[in-house]
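Chemist: the following comprises the amino acid sequence and a computationally predicted model.
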Amino acid sequence: MGPLTGIKVLDLSRILAGPWATQALADFGATVYKIEKPGSGDDTRGWGPPWLADRNGQPTSQAAYYLACNRGKHSLAIDLANADGQALVRRLAQRADVLVENFKVGGLARYGLSYSDLAPLCPRLIYCSITAYGQDGPAAQGAGYDLAIQGMSGLMSITGVADGEPGAGPQRVGVAIADLLTGVYAIGAIAAALYEREQSGRGQYIDLALLDSMVGTLANQNLNYLVTGRAPVRQGNSHPNIVPYQVFATADAHFLLAVGNDRQFAQFCATAGRPELAVDARYRRNADRVANREQLVPELAALCRTRTTQDWLSALTAGGVPCGPINDLAAVYSDPQVRHRQLSFNLPHPEAGTVPQVRNPVLYSRTQLEYRQAPPLLGEHTDAVLATELGLSARELSELRDRGVIG
């Protein structure tokens, strides 16, 4: 049983940040009810191709994007624009421990489903709102999306090829990193609020913003600016505080060299046949190497081009120098370590037979994560959940469906 077994989550979120969080909560054992618009559902259901193939190899209506962040949930197709649909969700909220939503600021108030609406009815409810810019401030009402947040947060100012070099310019990260990191913050915030509720007996409101999350995760680059007043700049694959820590071309491809201390640098130099570089006063300490990177890096680049990638990886790994390949995803999923850690697995799927998934990275020593079911079809569990949770009869469900309240 997962560590959150017994916890019920009402998921009114869509796209990525909220669903990423609620998928993890489901992995941890929580029961997650995903509320979707009848007929269309979560926007990401239509974000294809690629599409999952059915048993005959034909594309289904299940987009890979949707399948990446919705396993373990129960899908209920309920129309929030309908007063009866709002009443159903309100009743479900009274039986839930957690509600997650990512409507625009104030968006759920028009449905009578804001925190201030639900808190008197559900005093133990933990209500997590995810927005682009937060619940207050001059930008609070603005619509936001991951790319805009990557730009506004400063991430793109430090990501990409350095000015003056071929291909220079800002670059987005290859996944929706602001959404994903906000989802990860949401998981921790919800778990902490559940723990606090054990002491106080009370729920509370969580205000999470993509902008706050992205700025907060700039880590050393934040402090590089705050302690100096100088904004960091793009510098490609190199590191602002460590040298050498970047991509180097080899005789046949590229590899990553990540020297973290002076001993490792000395070992690299010995392995490369240039031990004198490690005792050169310009390069002896990391601070010296950072100050003199413009002289050192070209020397190292010339050295790295003398051997193949595999030659470097074998020799440096044997010497304890951190390094690694640059894999595409085909190489990732054939990597012996990835295969050993069983990062990919399959779940039964009603249309395709099975659907591939990537496991939650958390491994507990005692409790087991729960991968109970594939990402649900739209409205797959509407009747079963409303009958079990709210006691609705088959006749009542039929009437609600006839009136378009449920799908």
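Modeler: Yes, it's here.
Chemist: excluding its backbone neighbours, what's nearest the residue nearest the centre of the chain?
Modeler: Closest to where the C-alpha atoms of the chain average out (CA atoms, centre = their mean) is residue 180, at 2.5 Å. Nearest residue to residue 180, sequence neighbours excluded (CB to CB, 6 or more residues apart in numbering): residue 20, at 5.8 Å. Every residue, glycine included, has its C-beta placed from N, CA and C.
Chemist: A strand includes that neighbour, no?
Modeler: No: assessed with DSSP: H, G, I helix; E, B strand; the rest coil, residue 20 is helix; it does not lie in a strand.
Chemist: and it, how many neighbours?
Modeler: Residue 20 sits with 23 neighbouring residues when counted by other CB atoms under 10 Å.
Chemist: was I right about it contacting residue 183?
Modeler: Yes: in this structure, residue 20 is within contact of residue 183 by CB atoms under 8 Å, at 3.2 Å.
Chemist: okay, now the closest residue to residue 218 other than its chain neighbours: neighbour count?
Modeler: Computed as CB to CB, 6+ apart, the closest residue to residue 218 that is not its neighbour in sequence is residue 154, at 6.2 Å. By other CB under 10 Å, 17 other residues sit near residue 154.
Chemist: now residue 251
Modeler: Counted with other CB under 10 Å, residues neighbouring residue 251 total 12.
Chemist: what's near enough to touch the nearest residue to it once chain neighbours are set aside?
Modeler: Distance criterion CB to CB, 6+ apart; nearest residue to residue 251, sequence neighbours excluded, is residue 308 at 4.9 Å. By CB atoms under 8 Å, 6 or more residues apart in numbering, the contact set of residue 308 is 250-253.
Chemist: which of those residues sits closest to residue 142?
Modeler: The nearest member of the contacts of residue 308 to residue 142, counting by CB to CB, is residue 253 at 43.2 Å.
Chemist: contacting residues for residue 72?
Modeler: Contacts of residue 72 by CB under 8 Å, 6+ apart are 23, 26-27, 32, 370-373.
Chemist: residue 262: which of the residues you listed is nearest?
Modeler: Proximity of the contacts of residue 72 to residue 262 (CB to CB) peaks at residue 27, which lies at 41.4 Å.
Chemist: isn't that closest one up against residue 361?
Modeler: No: at 10.0 Å, residue 27 does not count as touching residue 361 under the criterion of CB under 8 Å.
Chemist: the two: which is more packed in?
Modeler: For residue 27 and residue 361, the more surrounded residue by other CB under 10 Å is residue 27, and the numbers stand at 22 against 10.
Chemist: give the contact list for that one.
Modeler: Here residue 27 is in contact with 2, 71-72, 360, 362, 369-371 (CB under 8 Å, 6+ apart).
Chemist: for PyMOL, write the selection for the buried entries among the residues you listed.
Modeler: To isolate the buried ones among the contacts of residue 27 in PyMOL, judged by 16 or more other CB atoms under 10 Å, type:
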select buried, resi 2+71+72+360+369+370+371
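Chemist: need the contacts of residue 27 in a markdown table (columns: pLDDT and secondary structure).
Modeler: Listed next are those as a markdown table, based on pLDDT from 0 to 100; DSSP: H, G, I helix; E, B strand; the rest coil:
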| residue | pLDDT | secondary structure |
| --- | --- | --- |
| 2 | 94 | coil |
| 71 | 98 | coil |
| 72 | 98 | coil |
| 360 | 97 | coil |
| 362 | 97 | coil |
| 369 | 94 | coil |
| 370 | 87 | coil |
| 371 | 95 | coil |
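Chemist: can you lay out the contacts of residue 27 as a markdown table showing distance to residue 390?
Modeler: Converted to a markdown table, the contacts of residue 27 look like this (distance: CB to CB, whole Å):
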| residue | distance to residue 390 |
| --- | --- |
| 2 | 25 |
| 71 | 25 |
| 72 | 21 |
| 360 | 30 |
| 362 | 33 |
| 369 | 29 |
| 370 | 24 |
| 371 | 27 |
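Chemist: which strands or helices does the helix or strand hosting residue 198 pack on?
Modeler: Using DSSP states H and E, the element containing residue 198 is helix 177-200. Judged by 3 or more CB pairs under 8 Å, 6 or more residues apart in numbering; DSSP states H and E, helix 177-200 is in contact with helix 17-27, strand 98-101, strand 126-131, helix 146-152, strand 205-209, helix 210-216.
Chemist: of all those, which one is nearest residue 61?
Modeler: When the helices and strands packed on helix 177-200 are compared by CB to CB, helix 17-27 sits nearest residue 61, at 17.4 Å.
Chemist: quick check: mean pLDDT of that closest one?
Modeler: Taken as a whole, helix 17-27 has a mean pLDDT of 98.
Chemist: report the angle between it and helix 177-200.
Modeler: 50 degrees (axes from the mean of the first three to the mean of the last three CA atoms, to 10 degrees).
Chemist: after helix 17-27, which helix or strand is next?
Modeler: Once the chain leaves helix 17-27, the next helix or strand it forms, by DSSP H and E, is strand 31-36.
Chemist: what average pLDDT does that following strand get?
Modeler: Across strand 31-36, the average pLDDT comes to 98.
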